[in-house]
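**Student:** Could you work out the structure for the sequence below:
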Amino acid sequence: MPVFEYLALDANGAERVGQVEAPDARTAALQLREANVFVLSIRDPAESGRDETGLGRFSPGRYLSTSQADLVFLFRQLALMLRAGHTVVQALEANREMAVKFQLRKALGRMRDMIEDGGSLSRALAAEKRVFPPMVSKLIEAGEKSGEIDSILERLADDIERRLDIKRQLITAMTYPSLVFLVAIGVTAGLVGWVIPRFAVFLSARGVELPPITQFLLDLAAWFQDWGAMFGGGVALCVFSLLVAYTTKGGKRVVDTLTLYIPVVGPTLRSAALGQAASMLSMQLRSGITLLQSLSITAGVIGNQAFADAFAQAGERILGGQPLSIALRVKVVPPLIRHMAAIGERSGELETVMQSLGDYYRKDLQARVKVMAAWVEPVMILVVGGMVGTVYLAFFQAALKVSTK
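**Tutor:** All right, here's what the predicted structure looks like:
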């Protein structure tokens, strides 16, 4: 197993140099963090002298795009290093050495070079649009003016991490039922398309009349044999058309608006979008960004186009002299947002009110995800049980016909 050399900070902020044994650099860094040691740089001595292309140790994961988890790790490391007194260039270089993915490593290298040439961190972040969302550069720009870059980086990491946790909960809740459903479809298709037709031939040879449910499944299997290709092509065409429409702003607006009215799913998506928007607004206002800029950035980052349009229109209305509580008076925005915005405007603590709203919708989203997870499994059992039960009922009814004749 490789032995990695590291430069790190202990709990007291003192530098430490040492070695750690691990299968790869990321695992080594995680081991050190679990030991309450914060890594500044880590490298494999056996790899020294090799070029940065990484051809000496090929790993497919190194070529993937930068994930949200990568950004969380990066922002926390940058905040720690800046708080410990390192310069921005030193912090970027240390994280560039630790970065596993080429896209992030190259981006950090370009950012370091830009800052060494006299640029600012916010401009360097803005130039790397493929890696960092627009909100990051705007927040860091505000942090450069206030001198709180490390605090803003921590807030960004916390916000991304909270969203990742909810996404993981949703994926975990849906994985098992989805697999069971796919397996049930495969088993049902095999029974209807292969087992029952052969059994029907046997029954017909004996002159036995098929039960109605068995005949229905045979007719269904015959229909799919005759028209299945056309049916599948039509479904594929509809899905492709929907995906193409979703790439346009108008199509995305229509689809995102319609999904908000789907039972169970719609309220969950609404809580997710509003929680993200409120947290973003609070973070930006607390960092010194104006309300108008905050609404514009939020509209550009939020995933649901219906809410993105609502916040963009609110910015235009504020330019016309309306307060936020009136500017947000659109159909997709619930009254709670408007009432809380009015309270924040009257008290002069809009950023605190938005943070409270973000926390409320985040907890509401977690509760809805748990409810979905609790409902999906029994519903899936009923659906799968109904499918498989229908096929077996058809099979055994036909078998009883034979045995009683």
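
**Student:** surely residue 127 meets residue 108?
**Tutor:** No - applying Cβ atoms under 8 Å as the test, residue 127 and residue 108 come out as separate, 12.0 Å apart. C-beta here means a position set from N, CA and C on the backbone, and glycine is covered the same way.

**Student:** Quick check, residue 299 in contact with residue 316.
**Tutor:** No - with contacts counted by Cβ under 8 Å, residue 299 stays clear of residue 316, the gap being 10.3 Å.

**Student:** With neighbour numbers in mind, choose between these two.
**Tutor:** A count of neighbours by other Cβ atoms under 10 Å puts residue 299 above the other of residue 299 and residue 316, at 20 against 13.

**Student:** How about the secondary structure of residue 262?
**Tutor:** Under DSSP: H, G, I helix; E, B strand; the rest coil, the three-state class of residue 262 is coil.

**Student:** what's around it, how many residues?
**Tutor:** 11.

**Student:** So in the chain, which helix runs the longest?
**Tutor:** Longest helix of the chain, by residue count under DSSP state H: helix 350-404.

**Student:** any idea how far that one is from the chain center?
**Tutor:** How far helix 350-404 lies from its chain's middle: 22 Å, per Cα atoms, centre = their mean, to the nearest Å.

**Student:** Just list what it packs against, helices and strands only.
**Tutor:** With contacts defined as 3 or more Cβ pairs under 8 Å, 6 or more residues apart in numbering; DSSP states H and E, helix 350-404 has these neighbours: helix 149-190, helix 196-205, helix 212-246, helix 265-286, helix 335-347.

**Student:** any idea how far the spatially most central residue of the chain lies from residue 261?
**Tutor:** The residue lying closest to the centre of the chain (Cα atoms, centre = their mean) is residue 167, at 5.5 Å. Going from residue 167 to residue 261 by Cβ to Cβ, to the nearest Å gives 22 Å.

**Student:** How about residue 317?
**Tutor:** Counting by Cβ to Cβ - residue 317 and residue 261 are separated by 25 Å.

**Student:** Looking at those two, which is more packed in?
**Tutor:** Between residue 317 and residue 261, counted using other Cβ under 10 Å, the more crowded position is residue 317 (17 against 10).

**Student:** got a list of what the closest residue to the more buried one other than its chain neighbours touches?
**Tutor:** Once flanking residues are discounted, residue 317 sits nearest to residue 327: 3.8 Å by Cβ to Cβ, 6 or more residues apart in numbering. Residue 327 makes contacts with 313, 314, 315, 317, 318, as judged by Cβ atoms under 8 Å, 6 or more residues apart in numbering.

**Student:** which among these end up buried?
**Tutor:** Among the contacts of residue 327, those classed as buried by 16 or more other Cβ atoms under 10 Å are 313, 314, 315, 317, 318.

**Student:** Of the residues you listed, which is the nearest to residue 341?
**Tutor:** residue 314 (9.4 Å; Cβ to Cβ).

**Student:** what's the angle between the longest helix of the chain and helix 265-286?
**Tutor:** 160 degrees (axes from the mean of the first three to the mean of the last three Cα atoms, to 10 degrees).

**Student:** tell me the angle of helix 350-404 relative to helix 196-205?
**Tutor:** 20 degrees.

**Student:** Now the helix or strand hosting residue 93: buried residues?
**Tutor:** According to DSSP states H and E, residue 93 maps onto helix 88-98. Within helix 88-98, the residues that count as buried by 16+ other Cβ under 10 Å are 88, 90, 91, 92, 93, 94, 95, 96, 97, 98.

**Student:** helix or strand right after it?
**Tutor:** helix 102-116.

**Student:** Nothing else from me, thank you.
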